[in-house]
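Undergrad: How does the following fold in three dimensions:
(one chain, ligands or ions: 1)
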Amino acid sequence: MIHENLSINNKGELCVAGLSTVDLASKYGTPLYIMDENKIRDNMRLYNEGMKEVLGDDFLVIYASKACSFVRMAQIAKEEGIGLDSVSIGEVYTAKAAGFDMSKIFFHGNFKTDEDIEAAIEEGVGYFVADCMEEIETIQYFAEKKGVKQKILVRLTPGINPDTFEAVNTGKIDSKFGFSMIGDNAEKTLLKVLSMPNIQLEGFHFHLGSQMFDSEPLVDGAKIILEFMVEMNKKHGYEAKILDIGGGCAVRYTEDDEKIDKKKWIMHAVTGVKKECERLGIKVPFIITEPGRSLVADAGTTVYKVGCVKVIEGYKTYVAIDGGMSDNPRYALYKAPYTVMSANNADKEATVKCSVVGRLCESGDIIQEDVYLPECKRGDMVAVLSTGAYNFSMSSNYNRVHRPAVVMIKDGQDYVAVKRQTTEELLSGDVR
Ligand SMILES: *Cc1c(COP(=O)(O)O)cnc(C)c1O
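TA: Okay, here's the model as predicted:
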């Protein structure tokens, strides 16, 4: 199996963390997001251990909560000593509801609204990761109004093009994210920020992109930023305390993806950063990394019920399931690969080549094309693996379908982490 927490029981049912996905589906209904809490905690610990081995205590792992955000998830991160990367005030409030330490929240995003900025300062969010000058000016305005000094990091784009697909590539020069480092743009930015009385510039951030199997590009990116830091120190006496090297560790979506040792991946990156600091003769800054998918993707499995099987003679076979782009839009968005298998006949040979499609009224509502399933019929169950990241968090009510529940498994016990949306909730904002 693609992940070690998956197995098949003697009834031929796919199991997550030892529990039958078929039993869980009959208990909670479908579609159902199943998440293995122990796996999430293991992933978080791998990062914390790897960082600690190289850096001692001068680091923080922050979870890019856009990957999957709900209160229970924030509680788990909190319990594991992980900080949070939030990209909207909604994610900040989710963390707050989990009793999160606000000083460990990093507010990201390329456009933070005035309302979000004011509210985040009000809530005492630790850091803004500033993405443009208009944002920093707005932070200055609201920080002054409140009479506080707001810590920020400045996001820079070091111009590295990691080997990943276009839609998730953010660190190259032509990007909607961050301040470009072309010419003296970064230096000008720095000087302007240092002149703002209610802004405390703590350091720099970069994020290259996602689904990187190799962490070497992070070292390349860090090198560019560290050299910039040395130059700014020499020229202007500015010493950055923090370097945030972003996230992006790859996840195994299919058997074709190589196995990834997350601890090695992050240790390779931060060892490289440490060596660069030695070469430049500077103290290693406080290092932050922001994994998203690699903390949660392999902890998640989605289970669906099959509604119909259509054989278009001479073309293809469609297997329609009771969810779709409303709970996993990633194939529709950018043809993201996933492993699809039978949940109730997981031991049977997968002989039918098919397209697994959703129930939404869009031809592009596809979960995966050209996959193999055993012969199936209405009522059978299909599982999509590695759905812990960017599935629940990207879900929608398109076609007014109800958002599925999230069930967690902890130490062999299942519990509801997010309830299935009720019709009342679905209509709750509608004025009659
Ligand atoms: C999305 C994102 C991450 C996490 O990316 P993953 O591929 O999920 O690890 C980290 N930092 C920033 C700024 C991001 O936008």
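Undergrad: Mind jotting down where the helices sit in this protein?
TA: Read by DSSP state H, the chain holds these helices, from start to end of the chain: 21-28, 37-55, 71-79, 89-97, 114-123, 133-146, 185-194, 216-236, 262-280, 293-296, 330-334, 423-426.
Undergrad: Determine which stretch of these is the most buried.
TA: Using mean count of other Cβ atoms under 10 Å, the stretch among the helices of the chain with the largest mean neighbour count is helix 293-296, at a mean of 30. The C-beta positions use only the backbone N, C-alpha and C, and glycine is treated the same way.
Undergrad: so how far is that one off the chain centroid?
TA: Distance, stretch centre to chain centre, for helix 293-296: 6 Å (Cα atoms, centre = their mean, to the nearest Å).
Undergrad: Mind giving me the packing neighbours of that helix?
TA: Of the remaining helices and strands, those touching helix 293-296 by 3 or more Cβ pairs under 8 Å, 6 or more residues apart in numbering; DSSP states H and E are helix 37-55.
Undergrad: ok so, going back, would you convert the helices of the chain into a markdown table that also reports mean pLDDT?
TA: Below are the helices of the chain laid out as a markdown table (pLDDT from 0 to 100):
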| stretch | mean pLDDT |
| --- | --- |
| helix 21-28 | 98 |
| helix 37-55 | 98 |
| helix 71-79 | 98 |
| helix 89-97 | 98 |
| helix 114-123 | 98 |
| helix 133-146 | 98 |
| helix 185-194 | 97 |
| helix 216-236 | 97 |
| helix 262-280 | 98 |
| helix 293-296 | 98 |
| helix 330-334 | 97 |
| helix 423-426 | 98 |
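Undergrad: Of those, give the one that comes closest to the ligand.
TA: Proximity of the helices of the chain to the ligand was assessed by Cβ to the nearest ligand atom; the nearest stretch is helix 293-296, lying at 3.6 Å.
Undergrad: is the closest one up against the ligand anywhere?
TA: Yes: with Cβ under 6 Å from any ligand atom as the measure, helix 293-296 is seen reaching the ligand through 293-294.
Undergrad: who touches that helix?
TA: For helix 293-296, the surrounding residues in contact (Cβ atoms under 8 Å, 6 or more residues apart in numbering) are 35, 40, 43-44, 47, 63-64, 67-68, 73, 82, 210-211, 247, 249-251, 260, 262, 265, 388-390.
Undergrad: and the stretch 201-350 of the chain, which residues reach the ligand?
TA: Counting by Cβ under 6 Å from any ligand atom, the residues of the stretch 201-350 of the chain close to the ligand are 207, 210, 246-249, 290-294.
Undergrad: make it 8 Å
TA: If contact is defined as Cβ under 8 Å from any ligand atom, the residues of the stretch 201-350 of the chain in contact with the ligand are 205, 207, 209-212, 246-249, 251, 290-295, 297.
Undergrad: related to what we said a few turns ago, would you turn the helices of the chain into CSV with distance to Tyr315?
TA: As requested, these are arranged in CSV below (distance: least, Cβ to Cβ, whole Å):
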stretch, distance to Tyr315
helix 21-28, 30
helix 37-55, 39
helix 71-79, 41
helix 89-97, 43
helix 114-123, 48
helix 133-146, 50
helix 185-194, 53
helix 216-236, 41
helix 262-280, 41
helix 293-296, 34
helix 330-334, 19
helix 423-426, 36
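Undergrad: wait, doesn't Val92 sit right on Phe106?
TA: No: checked against Cβ atoms under 8 Å, the pair Val92 and Phe106 is beyond contact range at 10.2 Å.
Undergrad: what touches both of those two?
TA: Overlap between the contact sets of Val92 and Phe106, as judged by Cβ under 8 Å, 6+ apart, is given by 86, 125.
Undergrad: burial measure for Asn5, as a count.
TA: The burial count assigned to Asn5 is 17, neighbours taken as other Cβ atoms under 10 Å.
Undergrad: With Gly429 instead?
TA: Gly429 is surrounded by 6 other residues when neighbours are defined as other Cβ under 10 Å.
Undergrad: Kindly report the same for Gly281.
TA: The criterion is other Cβ under 10 Å. On that basis, Gly281 has 7 neighbouring residues.
Undergrad: Look up phi and psi at it.
TA: Summarising the backbone geometry of Gly281 under the convention degrees, to the nearest 10, its torsions are phi 70, psi 30.
Undergrad: which other residues reach stretch 403-421?
TA: Judged by Cβ under 8 Å, 6+ apart, the contacts made with stretch 403-421 from elsewhere in the structure are 16-19, 24, 27-38, 70, 72-73, 302, 323, 326-327, 392, 395, 397, 402.
Undergrad: how about that stretch as CSV, C-alpha atoms only?
TA: The C-alpha atoms that make up stretch 403-421 are tabulated as CSV, following Å, rounded to 0.1, in the frame of the first residue of the first chain:
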residue,chain,number,x,y,z
ARG,A,403,-20.1,19.4,2.8
PRO,A,404,-19.0,15.9,3.9
ALA,A,405,-18.0,15.2,7.5
VAL,A,406,-14.4,14.7,8.7
VAL,A,407,-13.9,11.7,10.9
MET,A,408,-10.6,11.3,12.8
ILE,A,409,-9.1,8.1,14.0
LYS,A,410,-7.0,8.3,17.2
ASP,A,411,-5.5,5.2,18.8
GLY,A,412,-8.0,2.9,17.1
GLN,A,413,-11.0,5.1,18.0
ASP,A,414,-13.0,7.1,15.5
TYR,A,415,-14.6,10.4,16.3
VAL,A,416,-16.2,13.3,14.4
ALA,A,417,-13.9,16.3,13.9
VAL,A,418,-16.2,18.2,11.6
LYS,A,419,-19.9,17.3,11.3
ARG,A,420,-21.6,16.7,8.0
GLN,A,421,-23.3,20.0,6.9
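Undergrad: buried ones in that stretch?
TA: Of all the residues in stretch 403-421, those buried under the rule 16 or more other Cβ atoms under 10 Å are 403-410, 414, 417-418, 420-421.
Undergrad: any idea how far Gly18 is from Gln413?
TA: As judged by Cβ to Cβ, to the nearest Å, Gln413 and Gly18 stand 10 Å apart.
Undergrad: Check Asn344 too.
TA: Here Asn344 is placed at a distance of 17 Å from Gly18 (Cβ to Cβ).
Undergrad: Settle it for me: which of the two has more neighbours?
TA: Using other Cβ under 10 Å as the criterion, Asn344 and Gly18 rank with Asn344 on top: 24 against 13.
Undergrad: Quick check: chain neighbours aside, which residue is closest to that one?
TA: Met381 (4.5 Å; Cβ to Cβ, 6 or more residues apart in numbering).
Undergrad: Tell me what that neighbour is bridged to.
TA: For Met381, the residues forming beta bridges with it (DSSP bridges) are Lys305.
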